[in-house]
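Colleague: Provide a 3D model corresponding to the input given below.
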Amino acid sequence: MNNAILKSLIGACALLAASVTHPQTAWKPERNVEIISGTAAGGAVDRANRAVQRIWQDRKIVEAKTIVLNKPGGGNTIAWNYINQHAGDGHYVSIAPYTLLTNKIVGISPLTWNDFTPISLLFNEYMTVSVRADSPIKTGAELVARLKKDPGSLSIAVASTLGNHIHIGIAKPLKAVGIDIRKLKVIAFKSSGESVTNLLGGHIDVVSSTTPNIVAHLQAGTIRVIAITSAQRMPGALAEVPTWKEQGVDGTFSASQGAIGPQGINAAQVAYWENAFRQLSQTEEWKKELASSYWEPNFLSSGETAKYYASQAAELREILGDLGLAK
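Modeller: Residues are numbered from 1 along each chain as shown. Here you go, the predicted model:
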């Protein structure tokens, strides 16, 4: 075999190996990117979507123009349907709230996480339990003791729907101590801000909410935060709030928020967005954004995110079944 033929064969083998190792060519957005927000402007997840847009553009992580498009309603179902109208198109992404895992179980939406393409996990969100500053209930243990005697004796506010992560955030620790959580008197409000307003007005006894909604009231001394679902105490203004765990209750729970794309986007598109969110997670601006809301950084890759979502399904179905909400 002469040298020319040998060189040709070597070159062909190299091209074949490259095509096997990198089956998808590099991809980047070719037009405007829409970041879909499933809530109205100003909500916690909407603020996170807008922080993503701002940091991507300021840091030039994503060179294409990005816009945040609000599609509120139906517990994010309107936004999710819109995303999947663009199946296979990598120009649509969204930070997906935890209801992506719960809505199908409780019958709010036929869509769940595997109807989309998981891109990454971004942060953990923890739930707090609060009472008015003048409430006779001063600790999580006292709340447990009261509800063990009569599960329906206190009104508990959640937002914005029964069966979501805020509801689970108080149901899980109460279930762990043997309380019949189906007998709890739980009322859903449109927002955690409305829940706290009703607490301060004396219309509600207890509020379960995420961290961003109670810090200002805690600092003002108008509420007492008696428990949080984190494994360790949080920093800053929440440093004095005891965890359920340290009060002897198995109540550790986080609602992890992740990024998704439409179903059917290809490996190169997934890789592009996974890298964009990874770069985002490493910026000081993003770290400050998370810290301001008492969200815990937790970046996971696309594959790790899919495994995480799958692992949550059985636990969520069990507790939502115990609440009588699983369909």
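Colleague: V33 versus S208, what's the distance?
Modeller: Distance from S208 to V33, counting by CB to CB, to the nearest Å: 35 Å. To be clear about C-beta, it is placed using only N, CA and C from the backbone, and glycine gets the same treatment.
Colleague: tell me which of these two has more neighbours.
Modeller: Using other CB atoms under 10 Å, the more surrounded residue of S208 and V33 is S208, with 24 against 20.
Colleague: so that one sits in a strand?
Modeller: Yes - applying DSSP: H, G, I helix; E, B strand; the rest coil, one finds S208 inside a strand.
Colleague: what residues does whichever strand or helix holds A157 touch?
Modeller: Take DSSP states H and E as the rule and A157 turns out to sit in strand 155-159. By CB atoms under 8 Å, 6 or more residues apart in numbering, the list of residues contacting strand 155-159 from outside reads 164, 166-167, 170, 184-192, 194-195, 198-199, 203-209.
Colleague: could you do stretch 273-282 as well?
Modeller: So stretch 273-282 is contacted by 52, 55-56, 59, 61-62, 90, 93, 119-120, 122, 259, 261, 286, 297, 299, 301-302 (CB under 8 Å, 6+ apart).
Colleague: these in helices, which ones?
Modeller: Among the contacts of stretch 273-282, the residues falling in helices (DSSP state H) are V52, I55, W56, W286, S302.
Colleague: farthest pair in those residues?
Modeller: I55 and S302 (19.8 Å; CB to CB).
Colleague: more neighbours, these two?
Modeller: Neighbours per residue (other CB under 10 Å) separate I55 from S302, with S302 holding more: 22 against 19.
Colleague: how near is the more buried one to Y98?
Modeller: Look at S302 and Y98: by CB to CB, they are 18 Å apart.
Colleague: go on, V177?
Modeller: Shown here: V177 relative to Y98, a distance of 23 Å by CB to CB.
Colleague: these two: who's more crowded?
Modeller: More neighbours surround Y98 than the other of V177 and Y98, with 22 against 17 (other CB under 10 Å).
Colleague: quick one: stretch 170-180 to chain centroid distance?
Modeller: Offset of stretch 170-180 from its chain centre (CA atoms, centre = their mean, to the nearest Å): 22 Å.
Colleague: likewise stretch 183-200?
Modeller: Relative to its parent chain, stretch 183-200 has a centroid offset of 20 Å by CA atoms, centre = their mean.
Colleague: may I see the buried residues of that stretch?
Modeller: 184, 186, 188-189, 191-200 (16 or more other CB atoms under 10 Å).
Colleague: Throw the residues you listed into CSV and include pLDDT, thanks.
Modeller: CSV is the format used below for the buried residues of stretch 183-200 (pLDDT from 0 to 100):
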residue, pLDDT
L184, 98
V186, 98
A188, 93
F189, 90
S191, 84
S192, 87
G193, 87
E194, 92
S195, 93
V196, 94
T197, 94
N198, 96
L199, 97
L200, 97
